[in-house]
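S.K.: Dropping a prediction and its sequence here:
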Amino acid sequence: MKYLFFFMAAMLWAEPFDAVVRRLAGSNTHAFLVRRDGRVVREWYAEGVTADKKQGTASLAKALIGGNSLMLAMEDGRIRPEDAASKFIAQWKDDDRRGKITIRHLATHTSGIQDANEDGVPHEKLAGWMGEFWRRSPSPFQLALKAPVLFAPGSAYHYSNPGMAMLAYAVAVSHGQDQKEILRTRVMQPLGIADGEWSLSYNEKFSDGGLTLYANWGGAAFTPRAAAAIGEWMMTRGGEAKTMVRYAGMPLPDRGKDKYAPASGLCWYTNTDGVWPKVPRDAFVGAGAGHEVMLVAPSLKLVAVRNGRALNGKPFWTAVYEDFFAPLMEEIAPYPASDVIRGVDFAPVETVTRKAIDSDNWPLTWGDDNAMYTVYGDGTGFEPGVEEKLSMGFARIKGSPLVYEAENIRSETGERKGDGAKGLKASGLLMVDQVLYMWVRNAANSELWSSADRAVTWKQHFRWKESFGSPVFLNFGKNYEGARDGYVYVYSQDGGSAYKPDDGIVLARVLRGKVTDQRAYEFWAGDGKWTRDIGKRQPVFRFAGHCERTDAVYHAGLKRYLLAVSYGHDGGWGIYDAPEPWGPWTTAFHTPEWDLGKTHGYRLPAKWMQGLNLYLVFSGARGKGMHYDAFSVRRMRLRVE
């Protein structure tokens, strides 16, 4: 039964966002797409729906069409949010109330212009000018020009489709050019979005004298891939794009009616005040009826698109948050939250200690003499340093994390030179029965070395030719005391390079007396099985595009295996815990961007575990007023109930 559970868990996490897909599939969803780090990581379509089929976007058009049209006009210096709308709408110049409306008011639903809507009445059944607006006969722009103004502009929030129509009118006047052509040549074509992947304005255009107008409040259709491409484009742009998705400073909607109703940017919605608790505050969103939604979260490098019919009968934003955003965020970390470790608290930045400046890497193990042994890279080691910069040098550390002494160990057989990927470097280190074993990366995958005299002399044994490009050992106590069984365990990202994130982490084991015998290794094959065939290995941990370098240690007090996973070199990483070396994993800590900036090489030394207090060893780059390219130490405390 235990192995069956592990198999079921592995199947559950076989693809990212499976839980979200299952939830959305049962809630009227036609299409779901997620892009992260510039690539599609999950794409799902309901039966009969294909990737090249355009999806109606409803009021998501306000962002994709209205927002981009306004942004381009702002970039061209033709219009500003502070401008009076009457500067471009001549009919309003002598109107006392409408003359006070600004472009910002129109773009944030605070103009006071009445919406063409009545609760519970379908658009096609609305009477009077409201119904005519949606039937687009006569011109909806002529109707919007005269729509009632309910309150002083800028004094309250009132969602308004006619208000958005007047924004389209003002932008068109400011540019004096065909807005569809501007969008095609400056947005769609540069992004590789073909004409067949998008449409706008109910496939019709409207004329006002010599002016050509397009609906920006609805009537657009995009393939999910095209919409996501625009979201990613907005995420990476600076200048006026940042203005568009930043809180525009206007009144908030009535959260008594919908507690998750967001603040407005310009034609976009924003999470500036954390109204969506599980979503990063830098996130911005476009959304329309039927819960046509696109979420963009720059700090997560994520774009998510959902198309279909209404998720359910909840208030609009409550449904969006509870049934789309929150489940999505829960899966951004690849595993559910830990029931044992509720979180990790790090000591203040100013408490970080640093030695061995300009050296990095630092795999660590607890020796039989009670010292820690480590290997540094691309530096001269601990002060005063060796004479020449080494890609692989050795050191011994004695003492506590607060007061320790370190000395470099010279080794004619072990030291190597060469910067970065051009030099051999250690990825993992372990002492078992008074013998040090070391994984050496950048060797066309990795090699196993050993030392019987505490790092002075080294012997080379074998090389992996498939996967295991950056292996680490699972560390237990002093000289491997407290090991779970007679095996030594090895984790690695499932690829041949330590410089490119992979989609999973693989696990191998070998009897502790046969560590140097390559034929004796077994590989996790899923479903509680092991195999001697490396080609049949299965990831023991999955996180698409986020598995780079790792570290692993057993916490005896909690009886949990801790796996530190670096997502790259930009400061994104996580700590995952499990009751067994192969899982099932849960998330103890996850961040796409750690508070210290661009850091890497996160190590959890077993000797420096003091109950719930651990001392993280890491490296990094110069930045934020600190130089972390060093033996950097930061205290961390595990939160448990």
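M.R.: That came through, no problem.
S.K.: In contact with the residue nearest the centre of the chain, which residues?
M.R.: Most central in the chain under CA atoms, centre = their mean is Leu300, positioned 2.7 Å from the mean C-alpha point. Neighbour list for Leu300: 36, 280, 332, 592 [criterion: CB atoms under 8 Å, 6 or more residues apart in numbering]. Bear in mind the C-beta positions are built from the backbone N, C-alpha and C, glycine included.
S.K.: how about a cut-off of 6 Å?
M.R.: Contacts for Leu300 (CB atoms under 6 Å, 6 or more residues apart in numbering) come out as Pro592.
S.K.: repeat for Met294
M.R.: So Met294 contacts 227, 231, 286, 305 (CB under 6 Å, 6+ apart).
S.K.: where do the helices sit along the stretch 151-300 of the chain?
M.R.: Along the stretch 151-300 of the chain, counting by DSSP state H, counting those that start in this stretch, helices occupy 161-175, 179-183, 224-236, 240-245.
S.K.: count of neighbours near the closest residue to Arg635 other than its chain neighbours?
M.R.: Sequence neighbours aside, Ala347 is the residue nearest to Arg635 in space, at 4.0 Å (criterion: CB to CB, 6 or more residues apart in numbering). Applying other CB atoms under 10 Å, we find 15 other residues in the vicinity of Ala347.
S.K.: can you check Trp44 too?
M.R.: Quick note: Trp44 (other CB under 10 Å) scores 21 neighbours.
S.K.: biggest separation within the contacts of Met294, which pair?
M.R.: Greatest spacing in these, by CB to CB: Gly286 and Val305 (9.5 Å).
S.K.: closest one to Glu548 among the helices of the stretch 151-300 of the chain?
M.R.: Set against Glu548 and scored by CB to CB, those come closest in helix 224-236, at 21.9 Å.
S.K.: Please point out which parts of that closest one sit buried.
M.R.: Within helix 224-236, the residues scored as buried using 16 or more other CB atoms under 10 Å are 224-235.
S.K.: Now do the contacts for Tyr628.
M.R.: Tyr628 sits next to 599, 620 when contact means CB under 6 Å, 6+ apart.
S.K.: Next, it: phi, psi?
M.R.: phi -100, psi 10 (degrees, to the nearest 10).
S.K.: what secondary structure does Leu64 sit in?
M.R.: On the three-state scheme (DSSP: H, G, I helix; E, B strand; the rest coil), Leu64 is labelled helix.
S.K.: residues near it, how many?
M.R.: A count of neighbours around Leu64, defined by other CB under 10 Å, yields 28.
S.K.: confidence score at the residue nearest to Trp233 when sequence neighbours are not counted?
M.R.: Leaving out its chain neighbours, the residue that sits closest to Trp233 by CB to CB, 6+ apart is Leu191, at 5.8 Å. Leu191 carries a pLDDT value of 98.
S.K.: I'd guessed Leu191 sits against Ala228; true?
M.R.: No: counting by CB atoms under 6 Å, Leu191 sits too far from Ala228 to count as a contact (10.2 Å).
S.K.: which ones are touching Ala156?
M.R.: By CB under 6 Å, 6+ apart, the contact list for Ala156 reads Pro251.
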